[in-house]
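Undergrad: here is the input, now give the coordinates:
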Amino acid sequence: MSLRTSRRWCRRSGQSRGEGWFSDIKQWKKQYPFTFAKSEPGARMKPQEVIEALDSQTRERKDDVIVATGVGQHQMWAAQHFRWKHPRSMVTSGGLGTMGFGLPAAIGAKVAAPQKTVVDIDGDASFSMTAMELATASQYSIGVKILVLNNEFQGMVQQWQDLFYDNRYSHTRMVNPDFVLLARSMGVHAIRCERMEDLEAKMKEFLEYDGSRPVLMECLVERNEHVFPMVPAGKALHEQLLHPNLRETAKKSS
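TA: Coordinates of the predicted model:
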């Protein structure tokens, strides 16, 4: 069979199977949407709210935006709540677990595509692995934007300790430096957002800052937020843990 014939056959045979598969996915998305409880007035922001604010303010220019991530809860929330629309616009190490990946990846993306808006969505623990690369971005005027979701914990490990080890925390609390002062000490413009009511304006400042220079925005977020769905160790995909809001739905459909 020639390659040309094979391609025609694949297109014809794959079309009907693909339609059924995408129909299933569409139904699952309706049945099990990404969900979370919004922050209470006066409480710390939810990390999902920060990412949704980034998504909202870049909605009309997704072709201009590249997102990189570190590793941890923030990585999964970025995948869930930042709606990218173009291939090769999300740079992440996936399941490899490479903490510290976000900032160097963002620097590389910005050097490769200097006309793009490049945002590193990072957590405080993952960012701390390679935070000194801010000096590289500053020295060479690489205009990356670093969005740090600071919950003062290694959030993904803490989540496992919450769910499977009766809240016995071991080596997961972060005693962080002042990220704003750290960034400024390296010549990087830095912003801190502590309240939900300030998020929209500060996100606008962050995104509109001079694209030829790096900028960091630290958001102080809720510590005890969990990311769902998740697959516990040793379990299969059909045994994944859903968000509490969706567990009743899952019981009814099973």
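Undergrad: centroid-nearest residue for the chain?
TA: In the chain, the centroid-proximal residue (CA atoms, centre = their mean) is Ala78; its distance is 2.3 Å.
Undergrad: surely it and Gly123 touch.
TA: No. With contact defined as CB atoms under 8 Å, Ala78 does not reach Gly123; the gap is 10.1 Å. All C-beta spots, glycine's among them, are computed from the backbone N, C-alpha and C.
Undergrad: thinking again about what came up before, ok, now which ones touch the residue nearest to the residue nearest to the centre of the chain when sequence neighbours are not counted?
TA: Leaving aside its sequence neighbours, Ala78 sits nearest to Ile121 (CB to CB, 6 or more residues apart in numbering; 4.5 Å). By CB atoms under 8 Å, 6 or more residues apart in numbering, the contact list for Ile121 reads 51, 54, 67-70, 74-75, 78, 82, 102, 147, 149.
Undergrad: what about Ile121, helix or strand, and which?
TA: Using DSSP states H and E, Ile121 sits within strand 117-123.
Undergrad: grab the CA positions of the helix or strand just after that strand and hand them over as PDB.
TA: Once the chain leaves strand 117-123, the next helix or strand it forms, by DSSP H and E, is helix 124-129. Backbone C-alpha positions of helix 124-129 (Å, rounded to 0.1, in the frame of the first residue of the first chain) are rendered in PDB as follows:
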ATOM      1  CA  ASP A 124       6.800  29.500  45.400                       C
ATOM      2  CA  ALA A 125       8.600  26.200  45.800                       C
ATOM      3  CA  SER A 126       9.200  25.500  42.200                       C
ATOM      4  CA  PHE A 127      10.300  29.000  41.500                       C
ATOM      5  CA  SER A 128      12.800  28.900  44.300                       C
ATOM      6  CA  MET A 129      14.700  26.200  42.600                       C
END
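Undergrad: tell me the average confidence for helix 124-129?
TA: Regarding helix 124-129, the rounded mean pLDDT is 97.
Undergrad: check the offset of it from the chain's centre.
TA: Helix 124-129 has its C-alpha centroid displaced from the chain centroid by 13 Å (CA atoms, centre = their mean, to the nearest Å).
Undergrad: need the helices for the stretch 101-250 of the chain, in chain order.
TA: 102-112, 124-129, 134-139, 155-164, 179-185, 196-208, 244-253 (DSSP state H, counting those that start in this stretch).
Undergrad: burial of Val227, as a residue count?
TA: 21 (other CB atoms under 10 Å).
Undergrad: check contacts around it.
TA: Neighbours of Val227 in contact, by CB under 8 Å, 6+ apart: Gln73, Met76, Trp77, Gln80, Gly155, Met156, Gln159.
Undergrad: likewise Leu96?
TA: Val71.
Undergrad: repeat that for Trp84.
TA: Lys62, Val65, Val67, Met90.
Undergrad: partners of the last one in the sheet?
TA: The one in question is Met90. Beta bridges link Met90 to Val67 when assigned by DSSP bridges.
Undergrad: what's the spacing between it and Ala79?
TA: Separation of Met90 from Ala79 (CB to CB, to the nearest Å) stands at 7 Å.
Undergrad: residues shared between the contacts of these two?
TA: The contact sets of Met90 and Ala79 overlap at Thr69 (CB under 8 Å, 6+ apart).
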